[in-house]
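Participant: Sequence plus predicted model, see below.
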Amino acid sequence: MYPDPKPAHAGKCQCITFNRRGYVTESDNALFNTGRFMGRPLTDKIPFINTIFYRISQLTFNDAPLFFPRVQLDMDGYSGVCDLMFTRERRAEGDVFVWFIYDHTLHYGPAAAKGPKRRPPVTRISSRQSAITLPR
């Protein structure tokens, strides 16, 4: 269905599960701690999620994952260039959305800067910013 959320490179992928109201229900905290998100919707804490939440909420089980490549993510002491993927799953407790964060900093970031095909991140996300602009 979608890539294994736990690749061989431990700590290079984080999986955050949230419900239809945007509340975090589960996280492995592999890249950053989501504890401060508990009790409030992700849309209140991460403006990027607020910007795309309607699109996420419209995902069906048959849809391809919603994918955002090369995103500069700055969150609670973590900073990296990531690919973001959102899917919908059916679980015993009800339908949930899963946000996979794949850290590709070594691929997209400083180590790749010397190569001729280096491309900068297309979006910058921070838990402190008030709004973002999505690429077209």
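Facilitator: Thanks, I have it.
Participant: Mean confidence (pLDDT) on stretch 29-37, please.
Facilitator: Stretch 29-37 shows a mean pLDDT of 90.
Participant: Ranking helices and strands of the protein by mean pLDDT, which lands last?
Facilitator: Counting by mean pLDDT, DSSP states H and E, the chain has its least confident helix or strand at strand 123-126, which shows a mean of 60.
Participant: now stretch 44-59, how far from the chain's geometric center?
Facilitator: Centroid separation for stretch 44-59 versus its chain: 11 Å, with C-alpha atoms, centre = their mean, to the nearest Å.
Participant: what comes up buried for it?
Facilitator: Lys45, Ile46, Pro47, Phe48, Ile49, Asn50, Thr51, Ile52, Phe53, Ile56, Leu59 (16 or more other C-beta atoms under 10 Å). Where C-beta positions appear, they are placed from N, C-alpha and C, glycine not excepted.
Participant: Show me the helices in the protein, by range?
Facilitator: If DSSP state H is used as the criterion, the helices of the chain fall at 42-45, 47-57, 105-108.
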